[in-house]
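Peer 1: starting from these lines, generate the structure:
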Amino acid sequence: MKSLQEQQPTQQIQDKKFEYLVENYKEICYNIKDSKSKYRDAEDNIRIMAVTKTVDPMLINFAIDQGIDLLGENRVQEFLSKKDLYKPCEVQFIGHLQTNKVKYIINDVSQIQSVDSFKLAAEIDRQAKKNKKTMDILIEVNIGDELSKSGISKNDVLELAKRISELENVRINGLMAIPPINADDCIYGNLQELFKEIGQKKLNRINMNVLSVGMSGDYKKAVQYGSNLVRIGTKLFGARKYLEV
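Peer 2: Numbering: from 1, shown residues only. Reported below is the predicted structural model:
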């Protein structure tokens, strides 16, 4: 058992993390509200997703207490080890997903954002049918055509969407993307136009409700260009090394 002297520094670190999160969350909310007032309609709803990779469940639960109502999980194994420790909250999967791991999360997430192939969509459909449900997904777009990132080329998104729309237990709910660092405005504009274009097709089982783009470094610009779901990790919880105690 730790002595009182040993416990105090740990408690001080935890308190600082809590204070840091409260201030960051206020700043994020303010910046989104400011960007929305300049570029968006007043009735637009922009959700904040807390990206929880490597974050302690205690800190995640504190974020939920502050008003966070959506979590984003990157890694299947990490999610499975933490999910029972979370307070009630909606969870979506946003990381690279192997087909053989779909079965482990199919009943624990409300949406899978990182679908970039028909093979993955087909496995999600199979597992969803097996569990008697329909799974919402987003198509992940490699909007900057970066070799280091997953996602389908913007030129192939519509064709993939058409193929996936034929699956009975999968529903395309929008697009997700990670623009290049310091990307020009045209990158965000292209993604916004692609989002609108697919929505106008009125394809079966496709509802362009969600444009998930914008992270800690670019969420304000993403809101400007139509994002209604921003995925915030570092800006909310702090740099990963800051979290290690």
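Peer 1: can we go C-alpha only for contacts and neighbour counts from here?
Peer 2: OK.
Peer 1: what ranges do the helices span in the protein?
Peer 2: Assigned by DSSP state H, the helices in the chain fall at 4-39, 57-66, 76-82, 102-105, 118-130, 157-164, 185-200, 219-224, 234-237, 240-243.
Peer 1: so for the first one, mean pLDDT?
Peer 2: The reference is to helix 4-39. Mean pLDDT, computed over helix 4-39, is 84.
Peer 1: before we move on, back to that, quick one: closest of the helices of the chain to V170.
Peer 2: V170 lies closest to helix 118-130 among the helices of the chain, at 5.4 Å (C-alpha to C-alpha).
Peer 1: helices and strands around the closest one, which ones?
Peer 2: Applying 3 or more C-alpha pairs under 8 Å, 6 or more residues apart in numbering; DSSP states H and E, one finds that helix 118-130 contacts helix 102-105, strand 135-142, helix 157-164, strand 170-177.
Peer 1: mind doing that once more with 10 Å?
Peer 2: helix 102-105, strand 111-115, strand 135-142, helix 157-164, strand 170-177 (3 or more C-alpha pairs under 10 Å, 6 or more residues apart in numbering; DSSP states H and E).
Peer 1: contacting residues around that helix?
Peer 2: Defining contact as C-alpha atoms under 10 Å, 6 or more residues apart in numbering, one finds that helix 118-130 is touched by 97-107, 112, 114-115, 131-139, 160-161, 163-172.
Peer 1: can you do 6 Å?
Peer 2: Under the criterion C-alpha atoms under 6 Å, 6 or more residues apart in numbering, residues T99, T134, N169, V170 lie in contact with helix 118-130.
Peer 1: highest neighbour count among those residues?
Peer 2: The most crowded member of the contacts of helix 118-130, judged by other C-alpha atoms under 10 Å, is V170 (25 neighbours).
Peer 1: just checking, it touches I137?
Peer 2: No. Using C-alpha atoms under 6 Å, V170 is not in contact with I137; the gap is 7.0 Å.
Peer 1: what's the offset of stretch 208-222 from the middle of its chain?
Peer 2: 9 Å (C-alpha atoms, centre = their mean, to the nearest Å).
Peer 1: can you get me the start-to-end distance on that stretch?
Peer 2: Length of stretch 208-222, first residue to last, C-alpha to C-alpha, to the nearest Å: 17 Å.
Peer 1: what does stretch 82-97 give?
Peer 2: 18 Å.
Peer 1: tell me the buried residues in that stretch?
Peer 2: By 16 or more other C-alpha atoms under 10 Å, the buried positions in stretch 82-97 come out as V91, Q92, F93, I94, G95, H96, L97.
Peer 1: same question, stretch 165-176
Peer 2: By neighbour count with 16+ other C-alpha under 10 Å, stretch 165-176 contains the buried residues S165, L167, E168, N169, V170, R171, I172, N173, G174, L175, M176.
Peer 1: over to stretch 97-111?
Peer 2: Neighbour-count burial for stretch 97-111, counted by 16+ other C-alpha under 10 Å, picks out L97, V102, K103, I105, I106, V109, S110, Q111.
Peer 1: stretch 143-155 too?
Peer 2: Neighbour counts using 16+ other C-alpha under 10 Å place I143, G144, K149, S150, G151, I152, S153, K154 of stretch 143-155 among the buried residues.
Peer 1: okay if I get the buried residues of stretch 97-111 as a markdown table plus distance to R126 and pLDDT?
Peer 2: Output for those, formatted as a markdown table (distance: C-alpha to C-alpha, whole Å; pLDDT from 0 to 100):
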| residue | distance to R126 | pLDDT |
| --- | --- | --- |
| L97 | 15 | 97 |
| V102 | 10 | 98 |
| K103 | 9 | 98 |
| I105 | 13 | 98 |
| I106 | 10 | 98 |
| V109 | 16 | 98 |
| S110 | 16 | 98 |
| Q111 | 15 | 98 |
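Peer 1: need the pLDDT of the nearest residue in space to R40 that is not next to it in sequence.
Peer 2: Spatial nearest neighbour of R40, excluding adjacent residues (C-alpha to C-alpha, 6 or more residues apart in numbering): Q224 at 7.0 Å. pLDDT for Q224: 97.
Peer 1: understood, closing this out.
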